[in-house]
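Chemist: Provided below for reference: sequence and predicted model.
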Amino acid sequence: MSGRAYTATELADTAGVTKQTISFHLGKLLEAALITVEKQGRHRYFMLAGPEVASLLESLMGLAFKNEDGSRFTGPRDPALRKARICYDHLAGELGVCVYEQMLQNGIFQQHSGGLDLTEHGRAWFLRLGIDTDALASSKRPLCRTCLDWSERRHHLAGALGSALLTRIQERGWAKQEKDSRVIAFSASGEKALWAMLPPQSTLSVSGQTFTSQRSVDIENIQTIQHT
């Protein structure tokens with residue numbers, strides 16, 4: 001789910017099973033085209049076949065976890081993982097959901113029964129952020145689509161634009177992915193910069209922090225913030 005590749009030994013250690021057991025399951029997943037394998041020297045690295053597989057797993061995880069009393073527990077228990085995490089290559093968790101919903105309110109996307117469309121206003125918004133939507137649209141990957149969030153049970157942004165947005169956030173130093181984890185950790189200043197470029201239409205509460213409606217800020221004038 002982190003978008004990284006791992007050896008069979010690393011996966012076996014993480015899962016707490018033998019290498020023989022993990023090799024059997026990896027073989028089945030390869031047959032089903034759910035994962036891919038790449039050979040580097042003596043090692044073979046396995047990873048998910050693509051963002052569509054990650055999206056499927058994100059949804060299925062919500063069905064796999066229950067509390068001791070039998071009630072459904074949605075999402076990870078780690079607060080940091082619930083707040084913001086990587087889902088293959090795009091932002092998920094409470095922040096990911098809030099970002100997508102604010103994009104809808106700001107007219108960047110238009111949602112309809114057939115899917116999701118990028119508006120002309122949205123195209124200009126991404127361009128000011130340094131993301132060329134025309135170049136992304138020429139790829140085989142969907143430009144924009146939604147992904148049902150495991151913990152929030154609402155949608156976050158996926159597709160080529162979801163990936164490009166998270167990359168840009170990290171390039172600007174607003175957030176970084178924690179080592180050996182799916183957690184995307186935002187600095188306090190980085191989170192403020194995020195909502196400055198995507199101003200809430202009303203009071204917004206994210207993990208106990210409140211962000212109020214504010215005047216839109218020109219994206220180009222938001223300076224790069226070093227993550228601490």
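Modeler: That came through, no problem.

Chemist: please count neighbours and contacts with C-alpha atoms only from this point.
Modeler: Noted.

Chemist: assumed Leu26 was part of a strand.
Modeler: No. Counting by DSSP: H, G, I helix; E, B strand; the rest coil, Leu26 is not found in a strand; it is helix.

Chemist: residue contacts, it?
Modeler: Ile35 (CA atoms under 8 Å, 6 or more residues apart in numbering).

Chemist: strands of this structure, start to end?
Modeler: For the chain, strands defined by DSSP state E occupy the ranges 35-40, 43-48, 85-87, 90-92, 109-112, 115-118, 145-148, 155-158, 175-177, 184-186, 204-206, 209-211.

Chemist: just send these back as JSON lines, with mean pLDDT too.
Modeler: JSON lines is the format used below for those (pLDDT from 0 to 100):
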{"stretch": "strand 35-40", "mean pLDDT": "84"}
{"stretch": "strand 43-48", "mean pLDDT": "84"}
{"stretch": "strand 85-87", "mean pLDDT": "92"}
{"stretch": "strand 90-92", "mean pLDDT": "94"}
{"stretch": "strand 109-112", "mean pLDDT": "91"}
{"stretch": "strand 115-118", "mean pLDDT": "92"}
{"stretch": "strand 145-148", "mean pLDDT": "88"}
{"stretch": "strand 155-158", "mean pLDDT": "93"}
{"stretch": "strand 175-177", "mean pLDDT": "96"}
{"stretch": "strand 184-186", "mean pLDDT": "96"}
{"stretch": "strand 204-206", "mean pLDDT": "59"}
{"stretch": "strand 209-211", "mean pLDDT": "58"}
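
Chemist: Leu129 versus the residue lying closest to Thr133 once chain neighbours are set aside, what's the distance?
Modeler: Of all residues beyond its chain neighbours, the one nearest Thr133 is Arg123 (6.4 Å), with distances taken as CA to CA, 6 or more residues apart in numbering. Arg123 sits 10 Å away from Leu129, taking CA to CA, to the nearest Å as the criterion.

Chemist: quick check: domain ranges of this structure?
Modeler: Per automatic domain parsing, the structural domains of the chain span 1-49, 79-221.

Chemist: looking at these, which is buried most?
Modeler: Most buried of those by mean neighbour count (mean count of other CA atoms under 10 Å) is domain 79-221; its value is a mean of 18.

Chemist: re the thing from before, tell me which of the strands of the chain lies nearest to Arg168.
Modeler: Counting by CA to CA, Arg168 lies closest to strand 175-177 out of the strands of the chain; the figure is 9.8 Å.

Chemist: can you list the strands that that closest one pairs with?
Modeler: strand 184-186 (antiparallel) (DSSP bridges).

Chemist: which residues in the protein form helices?
Modeler: 8-15, 19-31, 51-64, 79-83, 93-105, 120-128, 133-137, 159-171, 188-197 (DSSP state H).

Chemist: about what we covered before: tabulate the strands of the chain in a markdown table, adding columns for distance to Ala54.
Modeler: Shown next, in a markdown table, are these (distance: least, CA to CA, whole Å):
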| stretch | distance to Ala54 |
| --- | --- |
| strand 35-40 | 10 |
| strand 43-48 | 7 |
| strand 85-87 | 7 |
| strand 90-92 | 10 |
| strand 109-112 | 22 |
| strand 115-118 | 19 |
| strand 145-148 | 9 |
| strand 155-158 | 10 |
| strand 175-177 | 17 |
| strand 184-186 | 17 |
| strand 204-206 | 25 |
| strand 209-211 | 29 |
